[in-house]
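**Student:** Sequence and computational prediction follow.
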Amino acid sequence: DDTSGESVVSVTIVAITAAPHPERADEVEVAVVTDGEGAIEVTCTADNDPIEVHRLPSVGGPAHALTFFGLLAETAYTCTATSGGTSATATLTTATWEGLHNINQEGDADASRGYTLFNVGDLCGGGPNAVYIVDPEGRPRWRWQVPEQSTPDIDASWLGDGRLLIGGGAGIYGSGDGNVRLMDLRGEVSLHRENPEEGGDFNHHVEMLESGEILSILWQLNQGTQGTFVGFGLEKYDPVANVVTWTWNSQSAIDAGTLPSGSRN
C-alpha cells in the first residue's frame, strides 16, 4: 500500500514482445501480458546509449499494448516491462528511414533546446515535401510525408499530447494543393480541410488559437483597376462545431481604398 491509503496492485509479467514499425523508423509497438489487472511500466533503452531511455506507464490488463515514438532509426533497444518485483525484457532494432532529406546539424548540440519541428521541401522544383521532428543533434525522431505534390510551403505546429496541426501548400499563383490537417504521431488524421469556405486555397500559414479555432491565411484572387491579381484572405474555423466563424478578404480593403490595386497576373 502507498502512503495515500490506496492499494497498489502488483501483477506478474508473463511475457513481452517488441516490434519495430516496418515504415516509420521512430515507432515501436510493445505488447505485455500479465497475470491480472494492474499497473506496469515499460522502458525502451538504446543499447549503445543508456541515457536514451523512453518510458511509458500502463494500467489495466492482462494485455497491455504500448506505442513508443521518437526512437532512433537503425538502433538496437532493450525494452523492459516491470511491475512489483517482476520484469521481462525484449530486444529489437528499429527500421531504416527511406528517402530522408539531407539534414545537417550546425554547431554544438544543446539538449536544453529540445526537439525541433519543421518542414522540408523543394520550393521551386515541386518535389516531395515532408514534416520532420529532430533532436538537438539533428537526428530525425519523426517524419510525415505530405501526400500532395508541388506543395511549396507547409506550416506545422506541435499541439501537445502527440498532436500536430499541419497546413498550407498553395503557392502564390495558386500552384500546389493547400490543405489543413489535425493529426497525430501515427499519421492518423482527425480533421482534413481541402478548401476554404469562401474559395481560394490554403497558402502558407496556419495556427491554433487559444479559443481552439484554427486561423489560416488564404491565397485568393482580387479585382482592381488593372484587372485580376493575387490577393489574400484570412479564415477562422472551429473544428469542434465544424463551422467557419470569421473571414476576411483583401478585396474589402481594396474596395475601401486602404490597400492599392495590384497588377495583372
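**Tutor:** Perfect, I can see it now.
**Student:** Which parts of the stretch 151-265 of the chain are strands?
**Tutor:** Secondary structure of the stretch 151-265 of the chain, counting by DSSP state E, counting those that start in this stretch: strands at 154-160, 163-168, 179-184, 189-193, 201-208, 214-224, 227-238, 243-249.
**Student:** what angle do the longest one and strand 179-184 make?
**Tutor:** Strand 227-238 runs at 20 degrees relative to strand 179-184, counting by axes from the mean of the first three to the mean of the last three CA atoms, to 10 degrees.
**Student:** how much space between residue 91 and residue 17?
**Tutor:** Plainly put, residue 91 is 10 Å away from residue 17 if you go by CB to CB, to the nearest Å. (Glycine included, C-beta is placed from N, CA and C.)
**Student:** make that residue 237, sorry
**Tutor:** On the measure of CB to CB, residue 237 and residue 17 end up 42 Å apart.
**Student:** gap between residue 52 and residue 71?
**Tutor:** 8 Å.
**Student:** Which one's more surrounded, those two?
**Tutor:** residue 71 (23 against 16; other CB atoms under 10 Å).
**Student:** How about the contacts made by that one?
**Tutor:** Residue 71 is in contact with 25, 26, 27, 28, 44, 46, 54, 77, 94, 141, counting by CB atoms under 8 Å, 6 or more residues apart in numbering.
**Student:** quick one, helices of the chain?
**Tutor:** 250-256 (DSSP state H).
**Student:** low-confidence ranges in it?
**Tutor:** 1-9, 109-111, 122-127, 150-152, 172-175, 263-265 (pLDDT under 70).
**Student:** hmm, try it at 80
**Tutor:** Counting by pLDDT under 80, the ranges of the chain that qualify are 1-10, 104-113, 121-128, 149-153, 171-176, 226, 262-265.
**Student:** how about it, which residue sits the furthest from its center?
**Tutor:** Largest separation from the mean C-alpha position in the chain: residue 225, at 43.2 Å (CA atoms, centre = their mean).
**Student:** Quick check: that residue touching residue 257?
**Tutor:** No: counting by CB atoms under 8 Å, residue 225 sits too far from residue 257 to count as a contact (11.3 Å).
**Student:** Pull up the overlap in contacts between residue 52 and residue 71.
**Tutor:** In contact with both residue 52 and residue 71: residue 46, using CB under 8 Å, 6+ apart.
**Student:** And residue 237 and residue 17? Which one has more around it.
**Tutor:** The neighbour count for residue 237 versus residue 17, taken as other CB under 10 Å, is higher for residue 237 (21 against 13).
**Student:** Beta-bridge partners for that one, please?
**Tutor:** Residue 237 has these beta-bridge partners by DSSP bridges: residue 214, residue 244.
**Student:** Please tell me I have it right and it contacts residue 244.
**Tutor:** Yes: at 5.2 Å, residue 237 counts as touching residue 244 under the criterion of CB under 8 Å.
**Student:** Touching both of those two, which residues are there?
**Tutor:** residue 197.
**Student:** quick one: residue 247 and residue 11, what's the gap?
**Tutor:** 55 Å.
**Student:** quick one: which of the two has more around it?
**Tutor:** residue 11 (20 against 15).
**Student:** Disregarding flanking residues, what is the spatial nearest neighbour of the more buried one?
**Tutor:** Distance criterion CB to CB, 6 or more residues apart in numbering; nearest residue to residue 11, sequence neighbours excluded, is residue 38 at 3.5 Å.
**Student:** State whether the one you found and residue 61 are indeed in contact, as I suppose.
**Tutor:** Yes: the pair residue 38 / residue 61 is scored as a contact, 5.7 Å apart, by CB under 8 Å.
**Student:** Okay, and the beta partners of the closest residue to residue 189 other than its chain neighbours?
**Tutor:** Excluding its sequence neighbours, the residue lying closest to residue 189 (CB to CB, 6+ apart) is residue 183, at 4.6 Å. Beta-bridge partners for residue 183, by DSSP bridges, are residue 164, residue 189.
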